[in-house]
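Participant: pasting the structure only:
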């Protein structure tokens, strides 16, 4: 009963390095999302996907890229890490197309860029 | 446009006393409203949701919330706090979908609940 799994849990990057945050879900959800959480700011949507092969930008997409080659996986890529990308990143998925379908979250990846 | 305001960034209660976490929202349409809880180093977990059925919504772990359209509020309550309730709570509003489908959610900034012995 894994739900949404994110790896790694923690990571420290140097400015300019790249990395991929992994996210996989085993609930056969079509809808997947990446959020970042900054202290006192709530969660902001980075990118989302409505199905394999389809992705779209959220509120704060700059500096990030995503892909969705399978229903299960939705990796988030940082190409040139910057200190402003220090944050906690959450992947989530949802079942329904309707806007009141609740989200299921992973446990997060805590990223520090120095 | 949708927005949500959590009126308290921190709330402290004694174990066994009532909990009140306040949330006001703004929405152009009939919104759906959610409360999520986040325990340390964990993801967010759904506590309860309102989707235009009963205005008093019961959730997990004894929490409930009342939708009051006239006051544009969706406050979260629990009659008796437990130590395990200590966490951060997020009020979330959704009144439309994202382009192409999915949920457009607007999160409040969170309320940190502390429960003391």
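Facilitator: Happy to help now that I have it. This is a predicted model, so every value here is computed, not measured.
Participant: what sits against residue B:13?
Facilitator: Contact criterion CB atoms under 8 Å, 6 or more residues apart in numbering or on different chains gives B:19, B:81, B:113-116 as the residues in contact with residue B:13. Bear in mind the C-beta positions are built from the backbone N, C-alpha and C, glycine included.
Participant: can you give me the neighbour number for residue 104?
Facilitator: Unless you meant another one, I'm taking chain A. Neighbourhood size, residue A:104 [other CB atoms under 10 Å in any protein chain shown]: 20.
Participant: that's the other chain; I wanted chain B
Facilitator: Neighbours around residue B:104, by other CB under 10 Å: 17.
Participant: please report how far the residue most central in space within chain B lies from chain A.
Facilitator: Of all residues in chain B, the one closest to the mean position by CA atoms, centre = their mean is residue B:35, 2.9 Å from it. Using CB to the nearest CB, to the nearest Å, we find residue B:35 at a distance of 11 Å from chain A.
Participant: that's a helix at that residue, yeah?
Facilitator: No - the assignment for residue B:35 (DSSP: H, G, I helix; E, B strand; the rest coil) gives strand, which keeps it out of a helix.
Participant: that one is in contact with residue B:76, isn't it?
Facilitator: Yes - using CB atoms under 8 Å, residue B:35 is in contact with residue B:76, at 5.1 Å.
Participant: need the residues touching each of the two.
Facilitator: By CB under 8 Å, 6+ apart, the residues touching both residue B:35 and residue B:76 are B:21, B:23, B:47-48, B:63, B:65, B:89, B:91.
Participant: closest one to residue A:3 out of these, please.
Facilitator: residue B:47 (16.6 Å; CB to CB).
Participant: right, is stretch A:86-95 up against chain B?
Facilitator: Yes - on the criterion CB under 8 Å from any CB of the partner chain, stretch A:86-95 is in touch with chain B at A:90, A:92, A:94.
Participant: assign the closest residue in space to residue A:76 that isn't next to it in sequence to helix, strand or coil.
Facilitator: When the adjacent residues along the chain are set aside, residue A:76 lies closest to residue A:21, with 4.4 Å between them (CB to CB, 6 or more residues apart in numbering or on different chains). Secondary structure, three-state DSSP: residue A:21 is strand.
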